[in-house]
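S.K.: Just the structure for this:
(chains A and B)
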Amino acid sequence: MIGLVVVSHSQKAAEGICELAGEMGGEAPLEAAGGDSGEIGTNADRIGEAIAAADEGEGVVVLVDLGSAVMNAELAIEMTDANARIADAPVLEGALNAAVEATNGQATMESVLEKAEEAREYRKR
Amino acid sequence: MYGMADKATQRAAIVAAAGAVADRLEAEKSHLTDLDSAIGDADHGSNLARGFRAAAEAVEDDEESSPQELVKKIGVTLISKVGGAAGPLYGGSIMSASQTLENGLTTDTSVDFAEAYLEKVQDRGGAQLGAKTMVDALTPAVHTYKKSIEVDELPPLTAFAKATAAAEHGVEYTVPLRAQKGRASFLGWRSVGHQDPGATSTWFIMQELLEVADNYLEGETDVDARSPTIPDEAPEELKES
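M.R.: As a prediction, the model looks like this:
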């Protein structure tokens, strides 16, 4: 199954998003990579470990929040052997969409990325 | 030919540079944190000081690694110890640019390293010149270094001293600009009038590299960023008109 990693500056936010996404796609490997050494921030090594943990060999889609989360996720992906890609999507809505798609038997990296990125279109009013 | 030091000397210089940068950033910790608390999240000083200390420790007893491997190790250690944007920007760019040092640290490879480092910082951070970031200090520094060596044929030490002076101009240039990247950009107009911490730490690091280089190389260090020469012919593309 395609794995998912949620990267946020806040560990609580990353875990909370994983909790929500797990409700939607409970079987997909979901890893939270939030915070940096217990503080607000992001860390490439930590994201790399989460990618390794979420990878079952079919690839990993990475959801990120802001700024350095993107840079550290890019760096972690460059340093890993796993096939991992960043979804250009809002972190929470994207993670939920991705988790649903990942549990679909025909899911591929492309389809999970596509579903995650569809979340960009969600309007709130 | 300048800068043909043997590998042992290169290694010693790299280790000395890492230690000098760690000491300087430790000493500037509260200064950088003050700059960062004005327009960022107040962690630049302590993050960088912690990271470079760990990097200096990682290379100080290493007698096995080549110069290239030592530089890469500094980058990898920074990635793991410095979170936020500074980890990937400093550590990731040093790691990536270390590929240019396969044949060790020479005049030519130092220019290649500088260009690769700048390119990676710009690519990773997506910041253009004038966005009030470290790119504003790095770009004039790298341009001045390359030109001083390749056009003016100055000794590398003199070229690096000019590059460091150029970086200072860049740091000053960040003060009146509105931030367009990073957390400072959320402040919008309120960021104007504040000096960018990343540009400042880049300049501090260059000052330390210059001090260390002065122990190994011949040249002048009391120089400014202005060119000693006037271009004696029009560039190719302008000749016909």
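
S.K.: Checking residue B:112 next. Helix, strand or coil?
M.R.: Judged by DSSP: H, G, I helix; E, B strand; the rest coil, the three-state class of residue B:112 is helix.

S.K.: While we're on residue B:43, how confident is the model there?
M.R.: pLDDT recorded at residue B:43 is 82.

S.K.: Tell me who's in contact with residue B:224.
M.R.: By CB atoms under 8 Å, 6 or more residues apart in numbering or on different chains, the contact set of residue B:224 is B:162, B:165. In short, each C-beta sits where N, CA and C put it, glycine included.

S.K.: any idea whether it is helix, strand or coil?
M.R.: Under three-state DSSP, residue B:224 comes out as coil.

S.K.: what about it, distance to residue B:85?
M.R.: As judged by CB to CB, to the nearest Å, residue B:224 and residue B:85 stand 31 Å apart.

S.K.: can you list the residues that contact the top helix by length along chain B?
M.R.: Secondary structure assigned by DSSP state H gives helix B:7-27 as the longest helix of chain B. Helix B:7-27 is touched from outside by B:5, B:32, B:45, B:48-49, B:52-53, B:55-56, B:59-60, B:62-63, B:65-67, B:70-71, B:74, B:104-105, B:201, B:204-205, B:207-209, B:211-213, B:215-216, with contacts defined as CB under 8 Å, 6+ apart.

S.K.: Sort out which of the residues you listed are buried, if you could.
M.R.: B:5, B:32, B:45, B:48-49, B:52-53, B:55-56, B:59, B:67, B:70-71, B:74, B:104-105, B:201, B:204-205, B:207-209, B:211-213, B:216 (16 or more other CB atoms under 10 Å in any protein chain shown).

S.K.: Let me see the ranges of the helices in the chain.
M.R.: Chain wasn't specified; assuming chain A. For chain A, the helices defined by DSSP H occupy A:11-24, A:44-54, A:68-79, A:91-102, A:109-118.

S.K.: um, chain B though
M.R.: Going by DSSP H, chain B shows helices at B:7-27, B:29-39, B:44-60, B:67-81, B:86, B:93-97, B:107-125, B:135-150, B:156-174, B:197-214.

S.K.: would you turn these into TSV with distance to residue A:81?
M.R.: As requested, the helices of chain B are exported to TSV (distance: least, CB to CB, whole Å):
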stretch	distance to residue A:81
helix B:7-27	28
helix B:29-39	35
helix B:44-60	23
helix B:67-81	16
helix B:86	26
helix B:93-97	16
helix B:107-125	21
helix B:135-150	31
helix B:156-174	37
helix B:197-214	31
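
S.K.: which non-adjacent residue is nearest the closest residue to chain B within chain A?
M.R.: Proximity of chain A to chain B (CB to the nearest CB) peaks at residue A:36, 3.0 Å away. Closest residue to residue A:36 apart from its sequence neighbours, by CB to CB, 6 or more residues apart in numbering or on different chains: residue B:83 at 3.0 Å.

S.K.: Kindly state the pLDDT recorded for the residue nearest to residue B:68 when sequence neighbours are not counted?
M.R.: Of all residues beyond its chain neighbours, the one nearest residue B:68 is residue B:101 (4.0 Å), with distances taken as CB to CB, 6+ apart. On pLDDT, residue B:101 comes in at 98.

S.K.: tell me the contacts of residue B:101?
M.R.: By CB under 8 Å, 6+ apart, the contact set of residue B:101 is B:67-68, B:71, B:109, B:113.

S.K.: Please apply the same query to residue A:48.
M.R.: Residue A:48 touches A:76, A:79-80, counting by CB under 8 Å, 6+ apart.

S.K.: which one among the contacts of residue B:101 gets closest to residue A:12?
M.R.: Distances from residue A:12 to the contacts of residue B:101, taken as CB to CB, are shortest for residue B:71 (37.0 Å).

S.K.: Share the number of residues neighbouring the residue lying closest to the closest one once chain neighbours are set aside, please.
M.R.: Spatially, and ignoring its direct neighbours in sequence, residue B:71 is nearest to residue B:98 (4.3 Å; CB to CB, 6+ apart). Using other CB atoms under 10 Å in any protein chain shown, residue B:98 has 22 other residues around it.
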